[in-house]
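Enquirer: no sequence for this one, just the structure:
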């Protein structure tokens, strides 16, 4: 099994197909431990059809088969919420029920949020996707006398969005590997900030020439967060809330924290279930070992633009509807901007597989031209799984839960589009 810290980067990359949704978790039923606990259910909205009622059965079965104790599922049609339910216990030990307002980490489902924020700047004429990233982030370049690979200077905003920048994880993911090293380099508190990680990574050579290969890069989206800050003149969270989330009506969303003592009042408990062994925290002053979800594997703060957001499933459907134009009250992007966002990448635009052909990673989304679906998923050791999906007929779907089973490969690969079938 791969080290825990690689879950977010490797498996999120391998399963971000537009048909991927939470409904297929049942495929691991034979392997999952089945603990017979009755899970409470909270509902915000009624069901518009008997077909949607199937979602209750799917979600409960999925959770029981995979030993998941907290989840949410929301479905909207043309920006109008038609189904929203919360399942299980946000804190199982204290029997605190999950509500529709419970916040969950969404891991790499944060990337579409960053991508849409970038596209709003493009739409405003403040940025072009062909702009060179380091022409914008010129103050992040290494100091005179430090090593600098000139190929880094050629990376474009487009390549960062499409994971074709030449950045890879061959030497480990910088977002996890450099939490200590970058802090030490610049005499900063540990763990390093996302800004310090960018500065430190730019002293290392590029892994390969840009525009030659698709390689999923959390670090690339960290750079995009810094581009948003430089172009907008505001910090990443402020700009994204003001220009993307608040207009969309996703007002509860926020960047999360790593340590248990800093969790939001309505935030779920992330249930590692003992899979990830406790270890010393990325926070140097932490006096005791902690679980992987609370600091032994990653810094939530350092993940801001590639995996840092907290959300409810409802707010995620609001974000999708505002991004895809379904919400008549808030259309974040014009049709031509959406077309640019979903255009094929400059490297290997078509990924063939047995079930669907023609899917590719666009700018922040997996896109299937044949069906018109765009989606993203997220995973984080071992207490986070999420997915967001736009369907061609104006349906938005989002799901979140607080546990990622140990066998995360089969967990993702076994997903089937049954939720899509229930709402189409």
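Expert: Cool, the structure landed. This structure is a prediction, so every number in the text was calculated from the model and none was measured.

Enquirer: can you map out the strands along the stretch 301-424 of the chain?
Expert: Here the stretch 301-424 of the chain has its strands, by DSSP state E, counting those that start in this stretch, at 309-311, 360-361, 366-368, 373-380, 384-390, 395-401.

Enquirer: try the chain
Expert: With DSSP state E as the criterion, the chain has strands at 41-45, 70-77, 80-91, 96-97, 104-105, 254-255, 309-311, 360-361, 366-368, 373-380, 384-390, 395-401.

Enquirer: ok, now which ones touch the residue nearest to residue 151 when sequence neighbours are not counted?
Expert: Of all residues not flanking residue 151 in the chain, residue 206 sits nearest, at 4.5 Å (CB to CB, 6 or more residues apart in numbering). Quick note: C-beta positions are derived from backbone N, CA and C, even for glycine. Contacts of residue 206 were listed using CB atoms under 8 Å, 6 or more residues apart in numbering, and they are 149, 151-152, 155, 166-167.

Enquirer: Is it possible to mark the buried ones in these?
Expert: With burial judged by 16 or more other CB atoms under 10 Å, the buried subset of the contacts of residue 206 is 152, 155, 166-167.

Enquirer: and the residues you listed as CSV, adding distance to residue 175 and pLDDT?
Expert: What follows is these, written out as CSV (distance: CB to CB, whole Å; pLDDT from 0 to 100):
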residue, distance to residue 175, pLDDT
152, 17, 98
155, 17, 98
166, 17, 96
167, 11, 96
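
Enquirer: Run through the neighbouring helices and strands of the longest helix belonging to the chain.
Expert: Counting by DSSP state H, the longest helix found in the chain is helix 218-232. In terms of contacts (3 or more CB pairs under 8 Å, 6 or more residues apart in numbering; DSSP states H and E), helix 218-232 is packed against helix 111-123, helix 133-136, helix 157-162, helix 174-185, helix 194-201, helix 236-240, helix 304-307.

Enquirer: Show me the contact partners of the third one.
Expert: Just to be clear, that refers to helix 157-162. Counting by CB under 8 Å, 6+ apart, 115, 118, 127-131, 133, 136, 165-166, 210-211, 214, 217, 220-221, 223-224, 227, 345-347, 361-364 sit against helix 157-162.

Enquirer: May I see the PyMOL selection of the buried members of the residues you listed?
Expert: The following PyMOL line selects those of the contacts of helix 157-162 that are buried, judged by 16+ other CB under 10 Å:
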select buried, resi 115+118+127+129+131+133+136+165+166+210+211+214+217+220+221+223+224+227+345+347+361+362+363+364
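
Enquirer: highest average neighbour count across the helices and strands packed on helix 218-232?
Expert: Compared across the helices and strands packed on helix 218-232, helix 304-307 shows the largest average neighbour count, a mean of 28 (mean count of other CB atoms under 10 Å).

Enquirer: what helices or strands is it leaning on?
Expert: Here helix 304-307 touches helix 111-123, helix 218-232, helix 236-240, going by 3+ CB pairs under 8 Å, 6+ apart.

Enquirer: which stretch among these comes nearest residue 286?
Expert: Minimum separation from residue 286 across the helices and strands packed on helix 304-307 (CB to CB) falls at helix 218-232, 23.1 Å.

Enquirer: Give me the distance from the closest one to the chain's centre.
Expert: Computed by CA atoms, centre = their mean, to the nearest Å, the chain-centroid distance of helix 218-232 equals 15 Å.

Enquirer: For it, the averaged confidence score.
Expert: What helix 218-232 shows for mean pLDDT is 98.

Enquirer: and the angle from it to helix 111-123?
Expert: Angle of helix 218-232 versus helix 111-123, following axes from the mean of the first three to the mean of the last three CA atoms, to 10 degrees, is 30 degrees.

Enquirer: I appreciate the help and will end here.
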